[in-house]
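Peer 1: A predicted structure for the sequence below; I have some questions about it.
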Amino acid sequence: MAIFYLQINSVGRGAGRRATAAAAYRAGERIRDERSGELHNYSRRRDVMHTEIFLPGQLASGAAAWARNRERLWNTAEHAEKRHNARVAREYQVALPPELSPSQRVALARTFSREVAERYKVAVDLAVHDPRPEGDSRNFHAHLLTTTREVTPAGLGAKAGLDMSGRERRRHDLPDHRQEYLTLRERWATLTNEALREANVEARIDHRSLAAQGVDREPVPAIPLMHLKMEQRGVRSELAERLRSEYRERVQRRVEHSAESAQTQGSAALTAADSANAARSQQGAKPVTQLNDLEEIRRQAREAWLRLRPKEAERAAQLRDRGHSGERAGRQSEERESTPPAEEELGL
């Protein structure tokens, strides 16, 4: 079924990563890194369904044709950064609903890529991947590899989007990074739900937390991919085992807490009922033992209404005892007046 997944990562030299290698792997192509001379060759990949580079609207007419070349684009991104621990690219990874057709999934990924390029004025290198044969058959996803700087006809300019400093964002009256992340998550959920609706699929996704959705359960732990692959190879992962153990403990605590809350609420309800019955006993009224019984509530309402009109009730009883056929019409009229109102009138 469709799930919400939007992971935003950075490609930084501090972690030993290169933008050229990331682009080659995601697009399934050969790209040579000019700074190191290394050739990154992933042309044998068969799970890459679609690749495309998106530029901001003002450059779509060909003003920045150099950025359409994948190898040149990412080598330019590498040359633009001078620090040894610089961030050279940013990646948005999204899960595509398996309920959609291949063309619908590509259209959804292209729409999001176009919006990201337009919002931040960056280049977006889109790669749509199908599930691998040895993996989950529902794992349709897309990678949006973006530059950290604005694209211009002459090259890359200033830092943009999520890579702008907090000071720069305030100077341009932009929301802080946290709000920007939330905006992106909400936008992806909106686009996905629109695509599902157009495809006449009932499934929907929600970018909000389980607590915000009112779902009372623990979120499933996120096991790092490297540790999942370790377990697939038969290697024990202490981190994965610890995360699962902590998850089971949280679930158990939640179950116990729910049971305690239910017991506390039940005791409070019984105490309130006892207090109400004690008050009714002091007033000479009959204790209420089943206030939750709808029929009992209706019966009590009818009796209360009749007590408010004793004369009409007595007159109705007298007419019923007479049994004179000549007085039948008058008796029916009197009885109609003494009949309790409908349950709707009593608000039941």
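Peer 2: Cool, the structure landed. The structure displayed is predicted, hence computed values, not measured ones.
Peer 1: pretty sure Tyr5 is touching Ala95, no?
Peer 2: Yes. Counting by Cβ atoms under 8 Å, Tyr5 does reach Ala95; the two are 3.6 Å apart. Every C-beta, even on glycine, is put in place using the N, C-alpha and C of the backbone.
Peer 1: what residues are shared contacts of the two?
Peer 2: When contacts are counted by Cβ atoms under 8 Å, 6 or more residues apart in numbering, Tyr5 and Ala95 are jointly contacted by His141.
Peer 1: so what are the domain limits for the protein?
Peer 2: For the chain, automatic domain parsing gives the domain ranges 6-213, 294-338.
Peer 1: Would you mind finding the most buried of those domains?
Peer 2: Compared across the domains of the chain, domain 6-213 shows the largest average neighbour count, a mean of 17 (mean count of other Cβ atoms under 10 Å).
Peer 1: before we move on, the earlier item: closest to Gln263 out of the domains of the chain?
Peer 2: domain 6-213 (22.9 Å; Cβ to Cβ).
Peer 1: Pull the distance from that closest one to the chain's centre.
Peer 2: Averaging C-alpha positions (Cα atoms, centre = their mean, to the nearest Å) puts domain 6-213 20 Å from its chain's average.
Peer 1: Span of it from start to end?
Peer 2: Terminal residues of domain 6-213 are spaced 18 Å apart (Cα to Cα, to the nearest Å).
Peer 1: okay if I get the domains of the chain as a markdown table plus distance to His257 and mean pLDDT?
Peer 2: Converted to a markdown table, those look like this (distance: least, Cβ to Cβ, whole Å; pLDDT from 0 to 100):
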| stretch | distance to His257 | mean pLDDT |
| --- | --- | --- |
| domain 6-213 | 14 | 94 |
| domain 294-338 | 32 | 55 |
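Peer 1: Any chance of JSON lines for those domains, columns distance to Ser245?
Peer 2: Listed next are those as JSON lines, based on distance: least, Cβ to Cβ, whole Å:
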{"stretch": "domain 6-213", "distance to Ser245": "20"}
{"stretch": "domain 294-338", "distance to Ser245": "47"}
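Peer 1: just the helices in this protein please.
Peer 2: 19-27, 70-80, 102-120, 166-171, 177-198, 210-213, 225-232, 238-282, 294-308, 310-322, 328-338 (DSSP state H).
Peer 1: what sits up against the fourth one?
Peer 2: Counting by Cβ under 8 Å, 6+ apart, helix 166-171 makes contact with 159, 175-177, all of which sit outside it.
Peer 1: again with the third one
Peer 2: The contact list for helix 102-120 (Cβ under 8 Å, 6+ apart) reads 49-50, 52, 54-57, 92, 94, 96-97, 100, 122-124, 126, 128, 140, 142, 144, 146, 150, 160-162, 187-188, 191-192, 195, 199.
Peer 1: which ones among these are found in strands?
Peer 2: Among those, the members falling in strands (DSSP state E) are 49-50, 52, 54, 92, 94, 124, 126, 128, 142, 144, 146, 150.
Peer 1: possible to save those residues as JSON lines with distance to Arg248?
Peer 2: Shown next, in JSON lines, are the ones in strands among the contacts of helix 102-120 (distance: Cβ to Cβ, whole Å):
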{"residue": "Met49", "distance to Arg248": "37"}
{"residue": "His50", "distance to Arg248": "40"}
{"residue": "Glu52", "distance to Arg248": "43"}
{"residue": "Phe54", "distance to Arg248": "43"}
{"residue": "Tyr92", "distance to Arg248": "32"}
{"residue": "Val94", "distance to Arg248": "29"}
{"residue": "Val124", "distance to Arg248": "40"}
{"residue": "Leu126", "distance to Arg248": "39"}
{"residue": "Val128", "distance to Arg248": "36"}
{"residue": "Ala142", "distance to Arg248": "33"}
{"residue": "Leu144", "distance to Arg248": "35"}
{"residue": "Thr146", "distance to Arg248": "38"}
{"residue": "Glu150", "distance to Arg248": "47"}
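Peer 1: And the furthest pair within the contacts of helix 166-171?
Peer 2: The span of the contacts of helix 166-171, defined through Cβ to Cβ, is set by Lys159 and Pro175 at 16.2 Å.
Peer 1: Who's the closest spatial neighbour of the spatially most central residue of the chain, skipping the chain neighbours?
Peer 2: Nearest to the mean C-alpha position of the chain, by Cα atoms, centre = their mean, lies Asp206 at 2.2 Å. Using Cβ to Cβ, 6 or more residues apart in numbering and skipping the chain neighbours, the partner closest in space to Asp206 is Gln213 (5.7 Å).
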